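Asker: Below: sequence and its predicted model.
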Amino acid sequence: DWLEVPRHTLSALVGAVVSRGQDNADALRLARPGIDVAAEYRAREAAGRGETLEECDLYSDVRPALGALRELGVRVIVAGNQTTRAGELLRSLALPADLVVTSGEWGVAKPEPGFFHRVLEVAQAQPDETVYVGDHPANDVFPAKAAGLCVAHIRRGPWGHLWAGSREVVAAADWRINSLMELADIVRS
């Protein structure tokens with residue numbers, strides 16, 4: 001909305017760049033050639049139209065799945081490539097998690113190995129005792145596996161669906177799930 005690009009147009013562009021293995025910010029660069037994404041982000045914040053995140057923005061299985069894992073005694077960490085502000089907004093939702101942290105706060109983003117080292121550090125568990133859930137092969141599945149974590153590839157969102165049948169993803173992921181609710185059964189087994 002800030003860039004005055006119709007939502008359906010931007011959504012289609014995100015799908016196009018994702019299918020080509022590009023960063024989703026490249027969709028903005030296609031819609032607005034020459035755009036300085038960071039500068040636009042700062043301008044949007046300064047205008048009081050910064051990031052927002054509300055309960056309705058969560059997938060419906062997030063809260064019950066995280067709660068079920070906590071009831072099983074599992075340490076639950078929510079970590080992803082997001083801004084510092086997104087971390088604040090996520091924490092304000094009081095998710096049933098032991099920790100909510102973002103790449104913006106850590107200063108290292110996926111797929112960098114340092115991100116997965118930080119995940120293991122805060123998880124307080126060995127890699128083979130840690131289940132990492134992600135939808136993107138290059139940002140989640142492959143680097144988490146390379147760090148020694150167990151990996152659940154979730155088939156949702158453009159990345160999860162696009163690469164759900166990829167031989168490489170199928171071979172790398174320990175589990176393929178459609179819902180976070182499946183994690184409790186994984187932990188029990």
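Answerer: It's in.
Asker: just checking, what's the longest helix in the protein?
Answerer: The longest helix of the chain (DSSP state H) is helix 7-19.
Asker: Now that one: buried residues?
Answerer: Of the residues in helix 7-19, those with enough neighbours to count as buried (16 or more other CB atoms under 10 Å) are L10, L13, V14, V17, V18. In this view, the C-beta of every residue, glycine as well, is placed from N, C-alpha and C.
Asker: now R91, what's its secondary structure?
Answerer: On the three-state scheme (DSSP: H, G, I helix; E, B strand; the rest coil), R91 is labelled helix.
Asker: Which residue, other than its chain neighbours, is closest to it?
Answerer: Leaving aside its sequence neighbours, R91 sits nearest to V100 (CB to CB, 6 or more residues apart in numbering; 5.0 Å).
Asker: What average pLDDT does the helix or strand encompassing that neighbour get?
Answerer: In the assignment (DSSP states H and E), V100 maps to strand 99-102. The average pLDDT within strand 99-102 is 98.
Asker: Contacts for it, please.
Answerer: With contact meaning CB atoms under 8 Å, 6 or more residues apart in numbering, strand 99-102 is reached by 76-84, 86-87, 90-91, 118, 122.
Asker: out of the residues you listed, which are inside helices?
Answerer: Those of the contacts of strand 99-102 lying in helices (DSSP H): T84, A86, G87, L90, R91, R118, V122.
Asker: Throw those residues into CSV and include distance to V141 and neighbour count, thanks.
Answerer: Shown next, in CSV, are the ones in helices among the contacts of strand 99-102 (distance: CB to CB, whole Å; neighbours: other CB atoms under 10 Å):
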residue, distance to V141, neighbour count
T84, 26, 15
A86, 22, 19
G87, 23, 21
L90, 22, 20
R91, 26, 15
R118, 18, 19
V122, 20, 14
